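K.L.:
Output the structure for:
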Amino acid sequence: QVQLVESGGGLVQAGGSLRLSCAASGRAIRAFAMGWFRQGPGNEREFVAAMSWDGGSTDYSDSVKGRFTISRDNPKNTVWLQMNNLKREDTAVYYCAARSAWNSGSYQLTGTYEHWGQGTQVTVSS
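P.N.:
Next up is the predicted model:
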């Protein structure tokens, strides 16, 4: 079992930046592909970004491509999501998630992730 704890959320003006962190414990994250998802008010949880266990491949939703960057440091058991040029529509609770490194399904499928954090709120004001 792996425990995931997100941090770094907050209130930011449109155009600003935030860096979310996901600290893992219980197991080494090198055994997992890691993803970020978000859920805005009244919306379903949606895919944001993901990275393979070794950082060799990444995937981003079209809505954040070019603005957000996922990264990881396996020895530190930490994953980050750098969010730049934030927009009001980025307002959501952001979740860190982990799935087995051997899972070959699309990174964008919520149901393929086995472990989830509690989420961190990101609010973007105009």
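K.L.:
Now do stretch 80-94, average pLDDT.
P.N.:
The average pLDDT within stretch 80-94 is 98.
K.L.:
cool, stretch 55-68 as well?
P.N.:
97.
K.L.:
Identify each buried residue in stretch 33-42, please.
P.N.:
Neighbour-count burial for stretch 33-42, counted by 16 or more other Cβ atoms under 10 Å, picks out 33-38. Backbone N, C-alpha and C define where each C-beta goes, glycine included.
K.L.:
er, stretch 19-32 actually
P.N.:
20-24, 29, 32.
K.L.:
And those residues, which is closest to Gly55?
P.N.:
Using Cβ to Cβ, Ile29 comes nearest to Gly55 of the buried residues of stretch 19-32, at 10.9 Å.
K.L.:
show me the contacts for the residue positioned nearest the centre of the chain.
P.N.:
For the chain, the residue nearest the mean C-alpha position is Trp36 (2.0 Å; Cα atoms, centre = their mean). Applying Cβ atoms under 8 Å, 6 or more residues apart in numbering, we find Trp36 in contact with 20, 22, 48-50, 68, 70, 79, 81, 94-97.
K.L.:
ditto for Gly9
P.N.:
Residues in contact with Gly9, defined by Cβ under 8 Å, 6+ apart, are 18, 20, 93-94, 120-122.
K.L.:
What pLDDT does the model give it?
P.N.:
Value for Gly9, per-residue pLDDT: 98.
K.L.:
repeat for Trp102
P.N.:
At Trp102, pLDDT is 89.
K.L.:
ok, it to Trp53 distance?
P.N.:
According to Cβ to Cβ, to the nearest Å, Trp102 and Trp53 sit 9 Å apart.
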